[in-house]
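J.: 3D, please:
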Amino acid sequence: MKKITLLTLILFVNLLAFTQEKIEKSYKLPGVNIKTPEGQTFNTSNISNNGKPVIISFWATWCTNCVKELNSISEVYGDWQKETGVKLVAISIDDARNSSKVMPFVNGRNWDYEVYLDVNKDFYRAMHVGNVPFTVLLNGKGEIVWQHTSYEEGGEVQLFDLVKKLAAGQDIK
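T.: Prediction:
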């Protein structure tokens, strides 16, 4: 009995670690105040892209898979933007002690993303994020239509397929 319980627990944890889901009912981002790298307040309800898809990536400088994912996307991001107009918004969850390291980290990797700081993890909690990397996809109306936890090499290909469908006006539900 103990083996079955342990096996069930392991399977459940693995499912949580690699969860991706299409959202059955689209909903808007919660309005949470976070900071720009310059220290200005920014409300997350203002994340938009003129009717085009938005990728939101919750990440941290200490998260190896986060960096792998954002590096992989960075290599093709210019092409993605030309083809679909997509915008990536990177939300750092580094705490107040490490937040000053975020922009040198981003600049050192030549990431051309819009970056915000969620040092108190208010937006992180409002979005019910459990682990990073956590990726959210918004349609052109700013509605959350897909989310994914973790990163596997090549996962950016699936993400871009979804972005292309959204940019073409297709529903991914």
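
J.: on the three-state scheme, the residue nearest to T36 when sequence neighbours are not counted is what?
T.: Of all residues beyond its chain neighbours, the one nearest T36 is F42 (5.3 Å), with distances taken as Cβ to Cβ, 6 or more residues apart in numbering. In this view, the C-beta of every residue, glycine as well, is placed from N, C-alpha and C. Look at F42: counting by DSSP: H, G, I helix; E, B strand; the rest coil, its state is strand.

J.: quick one: contacts for A90?
T.: When contacts are counted by Cβ atoms under 8 Å, 6 or more residues apart in numbering, A90 touches 57, 59, 70, 106, 111, 113-116.

J.: quick check: C66 is in a helix.
T.: Yes: assigned with three-state DSSP, C66 falls within a helix.

J.: which residue is the nearest non-sequential neighbour of it?
T.: Spatially, and ignoring its direct neighbours in sequence, C66 is nearest to W59 (3.5 Å; Cβ to Cβ, 6+ apart).

J.: could I have the CA atoms of stretch 129-136 written out in PDB?
T.: These are the backbone C-alpha positions of stretch 129-136, laid out as PDB (Å, rounded to 0.1, in the frame of the first residue of the first chain):
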ATOM      1  CA  VAL A 129       2.100  30.500 -10.200                       C
ATOM      2  CA  GLY A 130       3.600  27.500  -8.400                       C
ATOM      3  CA  ASN A 131       7.000  27.300 -10.100                       C
ATOM      4  CA  VAL A 132       9.100  29.100 -12.600                       C
ATOM      5  CA  PRO A 133       9.500  29.200 -15.500                       C
ATOM      6  CA  PHE A 134       5.800  29.800 -15.900                       C
ATOM      7  CA  THR A 135       4.600  31.000 -19.300                       C
ATOM      8  CA  VAL A 136       1.300  32.600 -20.100                       C
END
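
J.: no further queries at this time; thank you.
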